[in-house]
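Visitor: predicted model and sequence follow; I will ask about them next.
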Amino acid sequence: MSDQFVYTTPLDPLARPLVEQLTWEYVTRYGSYFGDPPGAEMTRYPAELFAPPDGSFVLLVRDGRAIAGGAFKRYDDHTAELKRVWTDTQFRRQGLARRVVEELEAEAGRQGYDRIYLTTGFRQPEAKGLYLDLGYTPLFDVSLDPEIYKILPFEKALRPPAAVAQQLAAAVAACSPA
């Protein structure tokens, strides 16, 4: 059993079973709760947004089968927005979503992002738990019923503020006349 990360696109046939499962999950958990047709979230963004240089889409592949995956897109100049993190239902409880998120964080850092932002729905307590366990800061009061928020936002710095300040100082020094 050898797992490998494969960078591709949400349109890759290898991704189709995961995308279909995630779509079904959204349909069954939320239906038209947010006012959109069931599953509309999965077609909200074009696949190009999840491609370099501003985004990325990764699959975790085992024995030729995508068992987990996720993506990010540009949120702003310094922030990547995590989307579509999902584990095949047959491969749950193996830490695969954690591995995907950590890989996406590393790739976002390689692409120059300093921060990750994400949202998850109030009916996804396992996602909420994952992000809290991975050190994401909730941008909501976790002691309240999550349904009052409906959408649960999180953020995480990819680089310590000191490292960002050092990079900025070096950039300013490089631009200063001698």
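Guide: Cool, the structure landed. Numbers count the residues shown, from 1 in each chain.
Visitor: so which elements touch the helix or strand Pro153 falls within?
Guide: Per DSSP states H and E, Pro153 falls inside strand 151-157. With contacts taken as 3 or more Cβ pairs under 8 Å, 6 or more residues apart in numbering; DSSP states H and E, strand 151-157 sits against strand 115-121, strand 137-138. Where you see a C-beta, it was placed from the backbone N, CA and C, and this is true even at glycine.
Visitor: next, format those as TSV and append distance to Ala108 and mean pLDDT.
Guide: TSV is the format used below for these (distance: least, Cβ to Cβ, whole Å; pLDDT from 0 to 100):
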stretch	distance to Ala108	mean pLDDT
strand 115-121	6	96
strand 137-138	16	96
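Visitor: pick the most buried one from these.
Guide: Of these, the one with the most neighbours on average (mean count of other Cβ atoms under 10 Å) is strand 115-121, at a mean of 20.
Visitor: what angle separates it from strand 151-157?
Guide: Taking axes from the mean of the first three to the mean of the last three Cα atoms, to 10 degrees, one finds that strand 115-121 is oriented at 160 degrees with respect to strand 151-157.
Visitor: for strand 115-121, packing partners?
Guide: strand 79-87, helix 96-110, helix 125-133, strand 151-157.
Visitor: what does the second one contact?
Guide: Residues outside helix 96-110 that contact it (Cβ atoms under 8 Å, 6 or more residues apart in numbering) are 3, 5, 7, 56, 58, 60, 67-72, 80, 82, 85-87, 116, 130-131, 133-134, 156, 158-159.
Visitor: that helix to strand 115-121, inter-axis angle?
Guide: 150 degrees.
Visitor: convert the C-alpha atoms of the strand holding Pro153 to CSV, please.
Guide: Taking C-alpha atoms only, strand 151-157 is exported to CSV below (Å, rounded to 0.1, in the frame of the first residue of the first chain):
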residue,chain,number,x,y,z
ILE,A,151,-21.2,28.7,7.6
LEU,A,152,-18.2,28.2,9.9
PRO,A,153,-15.1,30.2,8.9
PHE,A,154,-11.6,29.4,10.0
GLU,A,155,-8.1,30.8,9.4
LYS,A,156,-4.5,29.7,9.9
ALA,A,157,-1.2,31.5,9.4
